[in-house]
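Colleague: Please work out how this folds:
(one chain, ligands or ions: 1)
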Amino acid sequence: MQTHRPLRITVESGSGSLRIDWADGLRSQAGFAALREACRCGRCRGSIARGEALRAAEGLALTRVEPVGDYGVCLHFDDGHDKGIYPWDYLRELLIPVPVGETGAAA
Ligand SMILES: [Zn+2]
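Modeller: Numbering: from 1, shown residues only. The predicted structure is shown next:
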């Protein structure tokens with residue numbers, strides 16, 4: 001059961017971060033690398049299980065935010081990784097709250 005819903009999702013290519021404005025008024029964001037390293041697809045979970053650290057490439061870019069029903073989004077990165085599904089509640093935990101009105105710099 002999803003408890004959090006986004007109103008607006010913004011890809012900030014300049015600062016390299018993804019920002020979400022939530023239905024309850026909270027705004028939060030995270031850098032592309034942090035999102036990539038938090039991927040929970042089968043491949044990444046396998047790496048973690050083997051004790052391998054997930055390391056995002058330097059200058060990694062987010063190329064596409066693909067909706068996955070009402071459930072969340074699939075994030076496509078320019079390192080070819082496009083299998084990671086990020087449910088809303090997971091993004092809500094992952095992203096760092098920022099004051100509404102401030103934009104730009106990644107947290
Ligand atoms: Zn992954």
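
Colleague: Contact partners for residue 39?
Modeller: Residues near residue 39 by Cβ atoms under 8 Å, 6 or more residues apart in numbering: 54, 75, 81, 83-84. Just so you know, the C-beta spots here come from the backbone N, C-alpha and C atoms, and that holds for glycine as well.

Colleague: Quickly note the distance from residue 45 to residue 39.
Modeller: 9 Å (Cβ to Cβ, to the nearest Å).

Colleague: repeat for residue 85
Modeller: Distance from residue 85 to residue 39, by Cβ to Cβ: 9 Å.

Colleague: The residue most central in space within the chain is in what secondary structure piece?
Modeller: In the chain, the centroid-proximal residue (Cα atoms, centre = their mean) is residue 35; its distance is 4.3 Å. Using DSSP states H and E, the element containing residue 35 is helix 32-37.

Colleague: Same question for residue 24.
Modeller: Residue-wise, residue 24 maps onto no helix or strand under DSSP H and E.

Colleague: Quick check: mean pLDDT of stretch 70-82?
Modeller: Taken as a whole, stretch 70-82 carries a mean pLDDT of 95.
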